[in-house]
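Student: here's a sequence, model it:
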Amino acid sequence: MLNDTGRSVGEMAELVRDHDWESTSLGPMSQWPPALKFAVELALPSHAQIVMFCGPDFVAIYNDTYAPSIGTKHPDALGRPARAYWGELWDDLEPLLRRVRETGETVSAKNRPFYIERPDPETVYFDISYSPVFGANGEVVAVFCIVNETTAQVEAETALRQSEERLRSMINQTTVGVLQADLEGHLSFVNPGFCEIVGYSVDELRHLTLRDLTHPEDLPASMESLGSLGNDGESYTLEKRYVRKDGTPIWVSNHVSALRDRHGRVSEAVAVVVDITAQRRAVEAERRLAAIISSSEDAILGIDLDMVVTSWNNGAEKVYGYEADEMIGRSVTVLIPPDRIDEERQIIGRIKSGERVEPHDTIRRHKTGRDVEVSLSVSPIYDSNGRIVGASKNARDISVRKEAERIQATLIAELNHRVKNVLATVTAIARQTFARATDIDSATKTFEARLRSMARAHDLLTHGSWESASLNSLVREALSPYPADRIDILGPDTAVTPKLVVALSLILHELSTNAAKYGALSTEAGRIHISWSVEDMHPPKLFLNWIEVGGPVVVPPVRKGFGSRLIEGLLPGELGGSVDVTYEPEGLQCHIQASLDIDWASQPADQNV
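Tutor: Next comes the predicted model:
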C-alpha cells in the first residue's frame, strides 16, 4: 500500500506497513475503509505534523514529522489506543477527539496548551486542526489531526513580554538617562533619569528638542552623527555637553542606536545617556545598576583584581550572613576556607585573562564559621575602555540539595547493604536446610543460584531507588547467562513494583534453568520467545508469555519439582495473578497473568512451595 508508487518512503511508512494491524481494533489494512487508506497515504509523506486517531479506540497513526513531538513514546505509540500513550493528557484530549467523531465538525485552536510527558513532564503548546475522516456511510472512521508545536514561540513571546516589562521598570528606575527622538531631534520619550541629568521635567521636555538641550559648540557634531545614523543605521557613542535648565553645562556620554520602522528604514534613535562628570561615580553607578539587573536570591558580589569586595547584594547577605557594610572594602578571602585560598587565586588569574569561570560546586565560609556549599560562577567586569577591572561572582546556596543527595545515597547504600546481608543469611540457612540432602552439593548450588537471581533483582531495584524497575531490564538480566541470539524479547518497557520484580526474577530463573537443562536451550536449534503486554484494567494487568520451540520433544513430568511448585505458588500468592504451564510436544509454554499494582504491603495467599 505504501510503496506501490515507487516513491521513497520514510521510517513511519515502513512501520505502518509492517505493523500487526490485525491485532488492533482496526483489523487488517486490506479491510480498512478507502477513506482511511487515502488519509494515511496523504499523511505519511507530508512535512506537516500529522497524527490520526482511528476507530472507536482512537488507534494512533502518525508521520515522521510528528514523531519527535512525542519523544520516547515513539515508535511504541503506533497502532496503540491513544489512551495508552497520551494518558497524561487524555482528560484534555479525549473530549476534542469525541467531539470530532460524534459531530463530524472540525476543531481548531491556536497555541493550545497540553500537558505531556516526553519523558519529562512539561506544558507544551500547539496550533491544532482536528478534522473528521468520513467512511462510505458518512460515519467518522478517524480524526485527522494536523498540529504544529508552538512551544518555543509561546515561550519566546512570554519571555519577550517579561523582558519588556523588566526593561521598562529598569528604565524608569535607573539613574541613567534614556531618551527616544526622531532624526530631527524631537523627543518622543524620556525617562526620569534623563530629566534628572538635564534638570527639566517630562512636561517641559515635550516642548524642547535635542538642539535646544545641546551645548552650541557641540551641536554641529551631534546633529551630523544623528544624520549619519539615519543613513547607515550604525550605532555610535558620542561624548558631548548638555546645558541644564539652570544654565550649567554637563558632560554626558551618549550611546545611540537606531530604531527601524516596519519597512526597515531608520526612523528614530534611542540613546542611553550617562553623566560622566565624575567618572568614578559613573563606574560605581554602572556596577550598582548591573547588580540591580542581576538581583536574585543568589549571592551576587563584585571584587576588584586585588580580591577586595566592591559590591554586595541582599542575596549575599542571606547566603554568607554578612551585611554589605561589613564586606565592602574587605578581602573576599574572608569567605574562603583556608584550604581553598589557592582556588580563589586561580579564579582571579583566569578572570585577568578574560575568561568566564563556568558554574562549579565549591565551599565557602559563613559569618558564623560554618561551611556553605555553593554553585559558583565568575565573570570579568570591564571599565568603559574595555579593561578588566574586577570580577562579578554569582553563588547559589546548594547546601540543602547536597545534604539531601548525601542522605539519599546513604539510605540507598544502607538498604542495598541490608538486603545483601539478608541474602547472605538465607544462603547460610539454605546450607543448613539441605545438610541432610542426598546430593548436598547439587542442592546447595541450585538454591544459591536462586538467591543470586534475587540479588540481581535487588540490584535493579537499587538503581530505581526501590520504587520500581524496568520489566525489559529485568527480563534481559534474568536471561543474560544464555545466548542472546536464541532469545526473542518483545514487549513495552513497563515499570514493575519491587515485589513483582523479585517474584518474576525467581520465576524466570526457574524457567531458564529448566530450558537449559531439558528444554529449548539444551539443543543448538532451540529458541525461546518471551513477550508481554499490559492491559489498562483496574488494576492494570501484565500478561507475559514464555514459549519454547526447536528443543527436544517435551514429555509432561510424572511429578512436579521444587521449581514448578515455586512458579505455581508465587504467581497466585505473590503476584495476585495466575500461571498456565503446558507441556506441548514442540516445547514448554508458560502463560503468566499478574497485577501491576502489587506491592510489599499486599497480603500473599497461602503458599506451599
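Student: got the contact list for residue 540?
Tutor: Residues touching residue 540, when contacts are defined by Cβ atoms under 8 Å, 6 or more residues apart in numbering, comprise 534, 595-597. The way it works is simple: take the backbone N, C-alpha and C, and place the C-beta from them, glycine included.
Student: of these - the most surrounded one?
Tutor: Scoring those on neighbours with other Cβ atoms under 10 Å, the highest-scoring entry is residue 596 at 21 neighbours.
Student: now the stretch 51-200 of the chain, which segments are flagged as low pLDDT?
Tutor: By pLDDT under 70, the stretch 51-200 of the chain contains no weakly predicted segment.
Student: quick one: the strands in it?
Tutor: Applying DSSP state E, counting those that start in this stretch to the stretch 51-200 of the chain gives strands spanning 59-62, 107-117, 121-134, 140-149, 177-182, 187-190.
Student: direction included, what does the fifth one pair against?
Tutor: Here the strand partners of strand 177-182, with direction, are listed using DSSP bridges: strand 187-190 (antiparallel), strand 266-275 (antiparallel).
Student: closest to residue 25 out of the ones you listed?
Tutor: Between residue 25 and these, the shortest separation by Cβ to Cβ is 61.8 Å, and it involves strand 266-275.
Student: for residue 332, give me the pLDDT.
Tutor: For residue 332, the model assigns a pLDDT of 89.
Student: relative to residue 307, how far out is it?
Tutor: Using Cβ to Cβ, to the nearest Å, one gets 5 Å for the distance from residue 332 to residue 307.
Student: output the below-cut-off pLDDT ranges for the stretch 501-609 of the chain.
Tutor: Residues of the stretch 501-609 of the chain meeting the criterion pLDDT under 70: 560-576, 598-609.
Student: for residue 371, see how far away residue 408 is.
Tutor: If you measure residue 408 against residue 371 using Cβ to Cβ, the figure is 20 Å.
Student: list the neighbouring strands of the helix or strand in which residue 361 is found plus their orientation.
Tutor: When elements are defined using DSSP states H and E, residue 361 is found to belong to strand 357-365. Strands flanking strand 357-365 in the sheet, each with its direction: strand 371-382 (antiparallel) (DSSP bridges).
Student: what about residue 300, which SS state?
Tutor: When the structure is reduced to helix, strand and coil (DSSP: H, G, I helix; E, B strand; the rest coil), residue 300 reads as strand.
Student: so who does it touch?
Tutor: For residue 300, the contacting residues are 291, 294, 311, 313, 315-316, 392-395, taking Cβ under 8 Å, 6+ apart as the criterion.
Student: of these, which is the most crowded?
Tutor: Going through the contacts of residue 300 with other Cβ under 10 Å as the criterion, the one with the most neighbours is residue 393, at 26 neighbours.
Student: quick check: that residue touching residue 304?
Tutor: No: with contact defined as Cβ atoms under 8 Å, residue 393 does not count as touching residue 304 (11.9 Å).
Student: how near is residue 153 to residue 145?
Tutor: To residue 145, residue 153 is 19 Å away according to Cβ to Cβ.
Student: residue 95 now?
Tutor: Counting by Cβ to Cβ, the gap from residue 95 to residue 145 is 14 Å.
Student: number of nearby residues for residue 199?
Tutor: Taking other Cβ under 10 Å as the criterion, the count of residues near residue 199 is 15.
Student: before we move on, what about residue 18?
Tutor: Residue neighbour count, defined by other Cβ under 10 Å, stands at 9 for residue 18.
Student: repeat for residue 156
Tutor: Under the neighbour criterion other Cβ under 10 Å, residue 156 is assigned a count of 11.
Student: ok, now which ones touch it?
Tutor: The contact partners of residue 156, taken as Cβ under 8 Å, 6+ apart, number zero.
Student: how about residue 93: what's its closest non-neighbour residue?
Tutor: Nearest non-adjacent residue to residue 93, counting by Cβ to Cβ, 6 or more residues apart in numbering: residue 86, 5.6 Å away.
Student: any figure for the gap between that neighbour and residue 100?
Tutor: Distance, residue 86 to residue 100, using Cβ to Cβ: 15 Å.
Student: which positions in the host helix or strand of residue 515 come out as buried?
Tutor: When elements are defined using DSSP H and E, residue 515 is found to belong to helix 498-517. Taking 16 or more other Cβ atoms under 10 Å as the basis for neighbour counts, the residues of helix 498-517 that come out buried are 498-515.
Student: residues in contact with the spatially most central residue of the chain?
Tutor: Geometric centre of the chain, nearest residue: residue 120, 4.8 Å, by Cα atoms, centre = their mean. Applying Cβ under 8 Å, 6+ apart, one finds that residue 120 lies in contact with no residue.
Student: kindly report the same for residue 66.
Tutor: Applying Cβ under 8 Å, 6+ apart to residue 66 gives the contacts 49-51, 147.
Student: for it, phi and psi?
Tutor: Residue 66 has phi and psi values of phi -80, psi -30 when expressed as degrees, to the nearest 10.
Student: nearest spatial neighbour of it, chain-adjacent residues omitted?
Tutor: Across the structure, with Cβ to Cβ, 6+ apart as the measure, the residue nearest residue 66 apart from its sequence neighbours is residue 49 (4.3 Å).
Student: can you give me the strands in the stretch 401-550 of the chain?
Tutor: For the stretch 401-550 of the chain, the strands defined by DSSP E, counting those that start in this stretch occupy 469-470, 487-490, 495-496, 527-535, 541-549.
Student: which of those strands sits most buried?
Tutor: strand 469-470 (a mean of 22; mean count of other Cβ atoms under 10 Å).
Student: check the offset of that one from the chain's centre.
Tutor: The chain centroid and the centroid of strand 469-470 are separated by 20 Å, computed with Cα atoms, centre = their mean, to the nearest Å.
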